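Student: Predicted coordinates and the sequence they were generated for:
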Amino acid sequence: MPGSTSATVDDIREALLAAERVVLTSHIRPDGDAIGSEIAVALFLKALGKEVLAVNSDAEPRRLGWLIDDHADGLLEKFEEGKLSQIEALANADIVMVLDVGAAHRLGKLADRVMGASAKKLLLDHHPDAEGWFDLACVRTEMASTGELVYELIAGHDPELIDEHIATALYAAIMTDTGSFRYGATRPSTHRVVADLLERGGISPEPIHINLFDQRSRESLRLLARALETITTHYDGRLATMVITQDILRETGAYFDETEDLIHYALGLKGVVTALIFLETLSGIKVSFRSKGDCPINDWAAQFGGGGHANAAGAYVRGIALNRVIKDVIDKAPLHVMADAAAESTDDDISQADLALLSAFKGKLD
Ligand SMILES: [Mn+2]
């Protein structure tokens with residue numbers, strides 16, 4: 001039924017088992033969860049004798065290259081306009097399965113081809129607000145990662161199929177999206193899944209962690225040093241911001257994708273509940289929102305045309321100068337970022353005095 005977001009992992013598996021040719025795809029600027037989930041599903045379907053191709057609008061970031069070189073060469077490609085094998089795969093597919101993203105615009109150059117494909121469209125995702133054009137959509141927002149859903153997909157068919165390669169891909173997926181098992185969405189079941197992956201795959205965490213996080217370039221460390229200097233706090237130290245300009249990137253020689261984990265340093269500051277990073281790109285300002293604990297920031301990101309999870313969201317602002325974007329975003333901080341939500345919640349209603357205090361806070365930037 002088109003528009004259904006209530007499909008189960010079993011429904012998704014049943015549809016896949018009945019198919020012969022499957023194309024997988026995920027979001028632009030694919031991360032470890034996107035790539036790891038795609039590789040695991042691709043290896044699973046290949047083991048079942050299906051024809052499968054995973055194709056993304058963007059290439060994988062360089063730091064995830066090892067995942068593909070090692071296990072999935074020829075299974076996962078970057079979309080190339082006019083590449084016959086990819087066009088044929090999309091045209092002949094029984095199923096196009098989208099992983100880790102439910103919004104067409106985040107499929108990049110593949111959006112029209114995926115939506116226009118005659119194949120059945122499946123979604124397996126953990127992001128809220130999936131669009132309605134999927135034939136079967138399994139969206140489980142309580143999951144920390146799409147990788148955990150893929151584990152369910154495979155283990156529910158035959159856990160024996162979880163070999164070293166599938167286990168490595170899923171471990172990397174889950175490790176990425178849980179921030180190495182420390183974010184709020186990490187649950188006991190997350191640890192049960194990774195325990196099973198370690199056992200069945202005969203893999204150990206350390207080399208995967210080293211591959212994912214300990215491969216920094218000198219340029220990226222120079223970028224880190226510069227980025228730390230830009231940290232500013234607001235609202236009594238509850239909000240920390242970081243700014244990366246094109247000048248900083250140029251001067252340090254770092255790549256844009258090396259900005260990815262910088263925000264955690266701002267979030268790591270004592271007393272900070274929310275951190276923002278403003279990244280100046282050639283076509284606009286990318287704003288990343290992160291928070292700790294019960295401090296949702298996705299509605300805040302949505303005010304700037306973005307969205308995401310409660311504790312991790314993003315937005316992209318075009319046509320407005322960097323300094324203006326910084327001020328606008330900070331000014332629109334939700335009340336629970338501006339002031340201590342615990343103090344407010346002792347009263348059901350916010351008093352007039354509190355509201356006056358909050359509006360005074362609002363204009364005050366460090
Ligand atoms: Mn994810």
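Tutor: Structure's in. What do you need?

Student: tell me the phi and psi of residue 147?
Tutor: Torsion angles at residue 147 (phi, psi; degrees, to the nearest 10) stand at phi -50, psi -40.

Student: which secondary structure element contains the nearest residue to it once chain neighbours are set aside?
Tutor: Using Cβ to Cβ, 6 or more residues apart in numbering and skipping the chain neighbours, the partner closest in space to residue 147 is residue 173 (2.9 Å). All C-beta atoms are positioned from the backbone trio N, CA, C, and that covers glycine. In this assignment (DSSP states H and E), residue 173 forms part of helix 164-177.

Student: buried sites along that helix?
Tutor: 165-177 (16 or more other Cβ atoms under 10 Å).

Student: so what does that helix touch, helix or strand wise?
Tutor: If you count contacts as 3 or more Cβ pairs under 8 Å, 6 or more residues apart in numbering; DSSP states H and E, helix 164-177 packs onto helix 32-47, helix 65-71, helix 146-155, helix 188-201, helix 205-213.

Student: need the contact list for the residue of the stretch 251-366 of the chain found nearest the ion.
Tutor: Scanning the stretch 251-366 of the chain for the residue nearest the ion gives residue 309, at 8.6 Å (criterion: Cβ to the ion). Going by Cβ atoms under 8 Å, 6 or more residues apart in numbering, residue 309 touches 127-128, 141, 185, 298.

Student: Can I get those residues in CSV including pLDDT, neighbour count and distance to residue 28?
Tutor: Output for the contacts of residue 309, formatted as CSV (pLDDT from 0 to 100; neighbours: other Cβ atoms under 10 Å; distance: Cβ to Cβ, whole Å):
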residue, pLDDT, neighbour count, distance to residue 28
127, 92, 21, 14
128, 87, 14, 18
141, 93, 13, 21
185, 89, 19, 22
298, 93, 21, 18
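
Student: Could you list which residues are in contact with residue 288?
Tutor: Residues near residue 288 by Cβ under 8 Å, 6+ apart: 263, 276-277, 279, 312-314.

Student: By mean pLDDT, which helix or strand of this structure comes out lowest?
Tutor: Lowest on mean pLDDT, DSSP states H and E among the helices and strands of the chain sits helix 341-344, with a mean of 50.

Student: Which residues are in contact with whatever residue of the stretch 1-150 of the chain ends up closest to the ion?
Tutor: Minimum separation of the stretch 1-150 of the chain from the ion (Cβ to the ion) falls at residue 33, amounting to 3.4 Å. Applying Cβ under 8 Å, 6+ apart to residue 33 gives the contacts 100, 145-147, 173-174, 176-177.

Student: From those, list the ones also adjacent to the ion.
Tutor: 100, 146, 177 (Cβ under 5 Å from the ion).

Student: What does the pLDDT read for residue 55?
Tutor: We have a pLDDT of 97 for residue 55.

Student: let me redo that: residue 168
Tutor: At residue 168, the model reports a pLDDT of 97.

Student: Go ahead and confirm it touches residue 203.
Tutor: Yes - if you go by Cβ atoms under 8 Å, residue 168 and residue 203 touch, sitting 5.6 Å apart.

Student: Can you name the residues of the stretch 51-200 of the chain that neighbour the ion?
Tutor: By Cβ under 5 Å from the ion, the residues of the stretch 51-200 of the chain that approach the ion are 100, 146, 177.

Student: pLDDT score for the second one?
Tutor: In this case it means residue 146. Residue 146 is given a pLDDT of 98.

Student: how much space between it and residue 98?
Tutor: Separation of residue 146 from residue 98 (Cβ to Cβ, to the nearest Å): 10 Å.

Student: anything in contact with each of these two?
Tutor: Common neighbours of residue 146 and residue 98 are listed as 124-125 (criterion: Cβ under 8 Å, 6+ apart).

Student: tell me the domain boundaries of the protein?
Tutor: 9-213, 218-362 (automatic domain parsing).

Student: Highest mean neighbour count out of the ones you listed?
Tutor: Among the domains of the chain, the stretch with the highest mean neighbour count (mean count of other Cβ atoms under 10 Å) is domain 9-213, at a mean of 19.

Student: Now do that one: distance to the chain's middle.
Tutor: Its chain's C-alpha centre and that of domain 9-213 lie 12 Å apart, by Cα atoms, centre = their mean, to the nearest Å.

Student: Show me the helices in the stretch 251-366 of the chain, by range?
Tutor: 263-267, 298-302, 322-331, 335-338, 341-344, 352-362 (DSSP state H, counting those that start in this stretch).

Student: now the stretch 1-150 of the chain
Tutor: Assigned by DSSP H, counting those that start in this stretch, the helices in the stretch 1-150 of the chain fall at 9-18, 32-47, 65-71, 84-92, 111-116, 146-155.

Student: For residue 67, list the residues it contacts.
Tutor: Neighbour list for residue 67: 32, 35-36, 39, 60, 168-169, 172, 211 [criterion: Cβ under 8 Å, 6+ apart].

Student: From the residues you listed, which one has the minimum pLDDT?
Tutor: In terms of pLDDT, the lowest of these is residue 60, showing 90.

Student: so what's the closest residue to residue 137 other than its chain neighbours up against?
Tutor: Leaving aside its sequence neighbours, residue 137 sits nearest to residue 123 (Cβ to Cβ, 6+ apart; 4.0 Å). Contacts for residue 123 were tallied using Cβ under 8 Å, 6+ apart; they are 5, 97-99, 102, 130, 134, 136-139.

Student: any chance of those in CSV, plus distance to residue 283 and pLDDT?
Tutor: Converted to CSV, the contacts of residue 123 look like this (distance: Cβ to Cβ, whole Å; pLDDT from 0 to 100):
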residue, distance to residue 283, pLDDT
5, 32, 59
97, 30, 98
98, 25, 98
99, 26, 98
102, 24, 95
130, 26, 93
134, 29, 97
136, 35, 97
137, 30, 97
138, 33, 98
139, 30, 96
